[in-house]
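Peer 1: Just need the structure, nothing else, for what follows:
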Amino acid sequence: MQFIRLGSNRVKRIAACAAVGVAMALTSAGMTVNAQPSATPTLAVPDFTQVVEQTEGSVVNIRTTESVPVRRSPMGPGPSDPYEMFRWFFGPDFMPPGMPGPRQRNAPTPPEQERTVPRGVGSGFIISSDGYILTNNHVVAKSNGIFVTLTSGKEYKAKVIGTDPRTDVALIKIDAQGLTPLPIGDSTKLKKGQWVLAIGSPFGLDSTVTAGIVSAINRDTGDYLPFIQTDVAVNPGNSGGPLINLAGQVVGVNSQIISQSGGFMGISLAIPIDEAMRVVDQLKAHGKVTRGRIGVQIGSVSEDVAKAIGLESAKGAMVSNVEPNGPAAQAGVRSGDVITRFDGKQISQMSDLPRIVGGTKPGSRVPMDVWRKGKTITLQVKVGEMPSADEAGAGQGEQPKAEAADALGLKVIEVSDTVREKLDIKGGVQVAQVEEPAAAAGLAPGDIIITINDVDITSPAQYAKVVAGLSPSRAAALLVIRGDQSQWVTITPRK
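Peer 2: Take a look at the predicted model:
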């Protein structure tokens with residue numbers, strides 16, 4: 001690093017010019033400075049106390065519990081046995097002298113027992129006087145008990161009204177009246193550099209307030225929604241809490257952090273409140289969210305591809321596969337088309353299409369512009385209904401329905417005719433979602449399973465029967481195709 005030494009008079013002139021420039025910039029931004037000529041200009045930092053006083057009482061702490069199996073003896077399925085170690089050395093029928101009868105090797109295994117343990121801590125905020133609370137789906141998912149604590153210290157047991165894993169939004173309710181809801185703002189009016197606050201329970205520390213600015217809007221992270229990016233300090237436990245503007249209005253729901261350490265590193269993401277409230281309306285009315293689908297797999301349009309096919313710019317969503325007999329196929333969409341507009345809305349990037357289609361009412365017939373062979377063609381497509389979040393991936397186009405996760409930790413779907421023709425295969429199933437133990441074995445969504453052990457896989461139904469017959473005591477061998485390569489992968493089924 002180099003340092004430049006300046007004369008004292010020159011330094012004074014530069015400092016005076018800089019002070020004038022700062023004062024002009026702050027004045028144009030609506031901020032105030034100390035106007036006394038003899039004083040150093042100072043920034044009038046916003047006073048957050050009034051906003052906090054108005055909103056803090058509507059933010060709640062959420063703790064959850066879950067059921068876990070009771071740990072049994074490490075030497076066997078039954079209860080703890082002080083002589084189990086001797087039997088490991090001397091055989092399963094070993095009994096100490098004076099003990100009656102041999103040990104029963106085939107005694108029935110006692111039923112699995114469970115116990116309730118703390119699961120996690122999160123945040124939420126009141127959106128109605130009769131006890132509706134908005135939070136994140138991941139705060140309440142897989143829990144068997146949800147407990148809400150108000151700032152007054154009073155605790156309630158909550159029930160889940162509905163959840164939406166795609167947007168990570170959950171609506172819960174407590175049996176209470178006369179609560180003070182937070183006013184809902186307009187997240188579409190947010191601007192970069194705007195002051196915002198976060199209130200929540202990071203690391204379980206209730207009613208913690210942090211402040212910062214909006215760093216970016218419409219931040220695309222590959223998820224179903226564009227996020228609000230801020231530099232507000234958000235840590236584990238803040239999830240589900242409100243992002244509040246200086247008018248005391250909720251503009252977002254704190255949901256994620258981008259971190260290499262697991263703690264705050266200067267970037268946090270919030271769900272725009274407009275999108276969250278649209279989800280809440282459906283959850284309150286139906287307990288679930290209904291979205292549209294058109295049955296395509298899509299990809300981004302690169303600059304080189306745009307030039308090659310005559311597009312003015314690299315915009316739109318490239319159709320890589322069309323679901324047979326799906327809404328798009330019936331409308332005449334072909335692989336290789338670039339969807340540039342849907343229902344009058346421009347598709348600037350690939351991720352715009354699932355969001356716009358998802359927000360369209362199923363059954364609607366809408367116009368869709370596609371770029372094909374150097375010109376725009378307008379097609380009429382009848383929007384179908386999207387399966388639940390567990391049945392299809394949101395960011396890469398829609399997929400056919402997937403069954404529930406099986407003993408291998410997989411959810412699979414039918415392989416499309418286009419993919420089968422391309423790979424020159426007759427059967428197989430495509431992986432839609434991966435959990436343990438398949439995740440540990442390296443499987444990923446999009447992989448195609450064509451053989452398990454020595455059985456060729458022909459359909460999802462036949463695959464399910466084969467998996468159901470696998471033994472949890474023996475690893476199964478799967479022949480998997482990824483891209484243009486195939487390999488054998490071994491997975492031990494879970495019980």
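Peer 1: When you work out contacts or count neighbours from here on, use the C-alpha atoms and nothing else.
Peer 2: OK.
Peer 1: Could you pull up the residues touching the residue nearest to the spatial centre of the chain?
Peer 2: Centroid-nearest residue in the chain, with C-alpha atoms, centre = their mean: D168, separated by 5.3 Å. Going by C-alpha atoms under 8 Å, 6 or more residues apart in numbering, D168 touches 136-138, 255.
Peer 1: which of these lies closest to G185?
Peer 2: Checking the contacts of D168 against G185 with C-alpha to C-alpha, the nearest one is S255 at 17.5 Å.
Peer 1: ok, now how distant is the nearest residue to V370 once chain neighbours are set aside from M350?
Peer 2: Closest residue in space to V370, ignoring its immediate chain neighbours: I339 at 4.3 Å, by C-alpha to C-alpha, 6 or more residues apart in numbering. Noted for I339: a distance of 9 Å to M350, by C-alpha to C-alpha, to the nearest Å.
Peer 1: ok, now I450?
Peer 2: 30 Å.
Peer 1: cool, and A329?
Peer 2: A329 sits 19 Å away from M350, going by C-alpha to C-alpha.
Peer 1: For these two, work out which one has more neighbours and name it.
Peer 2: Neighbours per residue (other C-alpha atoms under 10 Å) separate A329 from M350, with M350 holding more: 24 against 18.
Peer 1: that's a strand at V467, yeah?
Peer 2: No. The assignment for V467, made by DSSP: H, G, I helix; E, B strand; the rest coil, is helix rather than a strand.
Peer 1: Number of residues surrounding it?
Peer 2: When neighbours are defined as other C-alpha under 10 Å, V467 has 15 of them.
Peer 1: For it, list the residues it contacts.
Peer 2: Per C-alpha under 8 Å, 6+ apart, neighbours of V467: 406-408.
Peer 1: Now with 6 Å, please.
Peer 2: With C-alpha atoms under 6 Å, 6 or more residues apart in numbering as the criterion, no residue contacts V467.
Peer 1: How about R365?
Peer 2: Contacts of R365 (C-alpha under 6 Å, 6+ apart): 381-382.
Peer 1: please redo it, this time with the cut-off set to 7 Å
Peer 2: 380-383 (C-alpha atoms under 7 Å, 6 or more residues apart in numbering).
Peer 1: Likewise for K284?
Peer 2: By C-alpha under 7 Å, 6+ apart, the contact list for K284 reads I161.
Peer 1: Which secondary structure state does it sit in?
Peer 2: K284 is classified as helix under three-state DSSP.
Peer 1: ok, which stretches of the stretch 201-350 of the chain are strands?
Peer 2: Under the criterion DSSP state E, counting those that start in this stretch, strands of the stretch 201-350 of the chain are mapped to 208-219, 227-230, 242-245, 250-257, 268-272, 292-293, 296-299, 317-322, 338-342, 345-346.
Peer 1: Take the ones you listed and write them to TSV, including mean pLDDT.
Peer 2: Shown next, in TSV, are the strands of the stretch 201-350 of the chain (pLDDT from 0 to 100):
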stretch	mean pLDDT
strand 208-219	94
strand 227-230	96
strand 242-245	98
strand 250-257	95
strand 268-272	95
strand 292-293	92
strand 296-299	85
strand 317-322	84
strand 338-342	95
strand 345-346	94
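Peer 1: Make TSV out of those and add distance to K373 and mean neighbour count.
Peer 2: As requested, the strands of the stretch 201-350 of the chain are exported to TSV (distance: least, C-alpha to C-alpha, whole Å; neighbours: other C-alpha atoms under 10 Å):
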stretch	distance to K373	mean neighbour count
strand 208-219	32	17
strand 227-230	35	26
strand 242-245	46	28
strand 250-257	42	28
strand 268-272	38	26
strand 292-293	25	26
strand 296-299	18	22
strand 317-322	13	23
strand 338-342	10	24
strand 345-346	19	16
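Peer 1: Distance to Q282 for these - can I get that in TSV?
Peer 2: TSV is the format used below for these (distance: least, C-alpha to C-alpha, whole Å):
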stretch	distance to Q282
strand 208-219	23
strand 227-230	20
strand 242-245	20
strand 250-257	17
strand 268-272	16
strand 292-293	14
strand 296-299	25
strand 317-322	28
strand 338-342	23
strand 345-346	23
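Peer 1: If we go by neighbour counts, what in stretch 123-132 is buried?
Peer 2: Using 16 or more other C-alpha atoms under 10 Å as the test for burial, stretch 123-132 gives 123-128, 130-132.
Peer 1: what does stretch 232-247 give?
Peer 2: Neighbour counts over stretch 232-247 (16+ other C-alpha under 10 Å) mark 232-246 as buried.
Peer 1: Kindly provide the distance from N136 to T208.
Peer 2: 18 Å.
Peer 1: how many other residues sit next to G332?
Peer 2: G332, neighbours per other C-alpha under 10 Å, totals 11.
Peer 1: Now do the phi/psi pair for G57.
Peer 2: According to degrees, to the nearest 10, the main-chain angles of G57 amount to phi -70, psi -10.
Peer 1: give the contact list for it.
Peer 2: For G57, the contact set (C-alpha under 7 Å, 6+ apart) comprises T151.
Peer 1: Check the contact lists of I339 and M350 and give me the overlap.
Peer 2: In contact with both I339 and M350: 316-317, using C-alpha under 7 Å, 6+ apart.
Peer 1: Which ones among the contacts of R365 map onto strands?
Peer 2: Counting by DSSP state E, the contacts of R365 place 380-382 in strands.
Peer 1: Name the residues of stretch 450-458 that are buried.
Peer 2: 450-452, 456-458.
Peer 1: and which of those is nearest to P324?
Peer 2: Using C-alpha to C-alpha, T458 comes nearest to P324 of those, at 17.7 Å.
Peer 1: mind listing what R63 touches?
Peer 2: Contacts for R63 (C-alpha under 7 Å, 6+ apart) come out as 120-122, 146-148.
Peer 1: nearest to T221, of those residues?
Peer 2: Nearest member of the contacts of R63 to T221, counting by C-alpha to C-alpha, is G122, at 22.2 Å.
Peer 1: Just say helix, strand or coil for that closest one.
Peer 2: At G122 the chain is in strand, as set by three-state DSSP.
Peer 1: for this protein, which spans come out with low pLDDT?
Peer 2: Scanning the chain for pLDDT under 70 picks out 1-43, 70-113, 222-224, 387-404, 484.
Peer 1: the helices in it, which residues?
Peer 2: Using DSSP state H, the helices found in the chain span residues 8-28, 49-55, 84-90, 137-140, 273-286, 303-309, 327-331, 352-358, 417-423, 460-468.
Peer 1: The last one: which residues count as buried?
Peer 2: For helix 460-468, a neighbour-count test (16+ other C-alpha under 10 Å) marks 460, 463-464 as buried.
Peer 1: Could you export the buried residues of stretch 123-132 as a markdown table, including distance to G359?
Peer 2: Below are the buried residues of stretch 123-132 laid out as a markdown table (distance: C-alpha to C-alpha, whole Å):
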| residue | distance to G359 |
| --- | --- |
| S123 | 27 |
| G124 | 25 |
| F125 | 25 |
| I126 | 25 |
| I127 | 22 |
| S128 | 24 |
| D130 | 28 |
| G131 | 27 |
| Y132 | 23 |
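Peer 1: just checking, which of those residues belong to strands?
Peer 2: Of the positions in the buried residues of stretch 123-132, 123-126, 132 sit in strands, assigned by DSSP E.
Peer 1: which two from those end up farthest apart in space?
Peer 2: Farthest-apart pair in these is S123 and Y132; separation 13.5 Å (C-alpha to C-alpha).
Peer 1: Isn't A211 up against A198?
Peer 2: Yes. Counting by C-alpha atoms under 7 Å, A198 is a contact partner of A211 at 6.3 Å.
Peer 1: Thanks a lot, catch you later.
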